[in-house]
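1. okay, sequence plus prediction incoming.
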Amino acid sequence: VRGKVYIVGAGPGNFELLTLKAYRILNEADVILYDRLVGEEIESYIKSLRDKEVIYVGKERGEKGERRQQEINRLMKKYASEGKVVVRLKGGDPGVFGRLAEEMEFLFQNNIPFEVVPGVSSVNAAPVYSNIPLTHPEAGFGFLVVSGRDTRRLSELAKSGTLIVLMGGCTAKEVALNLIKSGINPETEVAVIERGSFEDQRVTFSTVRGLTELENDFTSPALIVVGGVVKLAKKYSRLIGLDKIRDRKI
Ligand code: SAH
């Protein structure tokens, strides 16, 4: 396949919260497939761009998500096969309840080169636009992001969902030991991401148990992702050419 698909986060809807990278790629694209959540202002902007096919692929009222996804996949493949640069534009950040895994899997299966461009998530934007900090020294020790679709499982989440640990680069070992103490499966996958999104970003893959055996030699800033989602990054790293990966699963 000669074309390429960019899965791009549009931010929470405010035009100024579109990233410069998203803006550049939108201007370079041949085809833009966009969702309802991108907001009216961004929608009218992309429609005003010249010489592009701009296609609404959001769900219609009452439509099944699965059917819609198949149609989106078909369009991504069709245009990429024609050698076009396709932007799959999504609300917020594509990695937050945005079907990123399904779309990467489809592109991977079909050997279509892709790149994911982060967006400002509503997780970040909505509270801060309301003057609410997500963390506070007097309000617990962090936050989990969960879906309101399945409220029965919220209490299980600490053990079965994704945990993002900030400021844990130099205490990674202790973080892992404490996770094991609180009952997490020691074989749960872990990624330590140093200088995320910089040129010299480095990702170390391990498990919670493996992390207890690593030196705390991570470059700042670093964050730790704990959970099954890490498996995907390892799988797709070949296609997206992340070459600075240390696989240190012990
Ligand atoms: N990928 C998106 C989230 C998709 S799930 C992101 O990163 O923001 C859709 C949910 O996101 C909505 O039901 C709503 O809860 C939330 N959401 C998206 N945009 C929002 C906004 N501008 N303000 C408040 N919530 C928003």
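-> Received the coordinates, thanks.
2. so whatever residue of the chain ends up closest to the ligand versus residue 191, what's the distance?
-> Of all residues in the chain, residue 92 sits closest to the ligand, at 1.9 Å by Cβ to the nearest ligand atom. Glycine gets a C-beta too; all of them are placed from N, C-alpha and C. According to Cβ to Cβ, to the nearest Å, residue 92 stands 21 Å off from residue 191.
3. quick one: which of those two has more around it?
-> residue 92 (26 against 20; other Cβ atoms under 10 Å).
4. what's the more buried one in contact with, if anything?
-> 9-12, 37, 98, 119-123, 125 (Cβ atoms under 8 Å, 6 or more residues apart in numbering).
5. one step back: how close does the residue of the chain closest to the ligand get to residue 5?
-> From residue 92 to residue 5 the distance is 18 Å (Cβ to Cβ).
6. how about low-confidence regions in this structure?
-> 1, 152-160, 237-250 (pLDDT under 70).
7. residue numbers of it in contact with the ligand?
-> Proximity of the chain to the ligand, by Cβ under 6 Å from any ligand atom, involves residues 12-13, 37, 91-93, 96-98, 121-123, 126.
8. top of these by neighbour count?
-> Going by other Cβ under 10 Å, residue 92 tops the residues of the chain next to the ligand with 26 neighbours.
9. any idea which helix or strand carries residue 205?
-> strand 202-207 (DSSP states H and E).
10. residues contacting the helix or strand that that strand is followed by, please?
-> Going down the chain from strand 202-207, the next helix or strand is helix 208-213, by DSSP H and E. For helix 208-213, the external contacting residues (Cβ under 8 Å, 6+ apart) are 172-173, 175-177, 179-180, 184-188, 190, 192, 224, 226, 248-250.
11. how far off centre is helix 208-213?
-> 24 Å (Cα atoms, centre = their mean, to the nearest Å).
12. and the strand holding residue 205, how far out from the chain middle?
-> That offset, for strand 202-207, works out to 17 Å (Cα atoms, centre = their mean).
13. which strands or helices does that strand pack on?
-> The contact analysis (3 or more Cβ pairs under 8 Å, 6 or more residues apart in numbering; DSSP states H and E) places strand 202-207 against strand 189-194, helix 229-240, strand 245-247.
14. circling back: and the contacts of helix 208-213, which of them are buried?
-> 172, 175-176, 179-180, 184, 188, 190, 192, 224, 226 (16 or more other Cβ atoms under 10 Å).
15. now do the helices in this protein.
-> 20-28, 40-48, 65-81, 100-109, 122-129, 157-160, 172-181, 208-213, 229-240 (DSSP state H).
16. for those, which one ends up most surrounded?
-> Across the helices of the chain, averaging neighbours per residue (mean count of other Cβ atoms under 10 Å) puts helix 208-213 on top, at a mean of 20.
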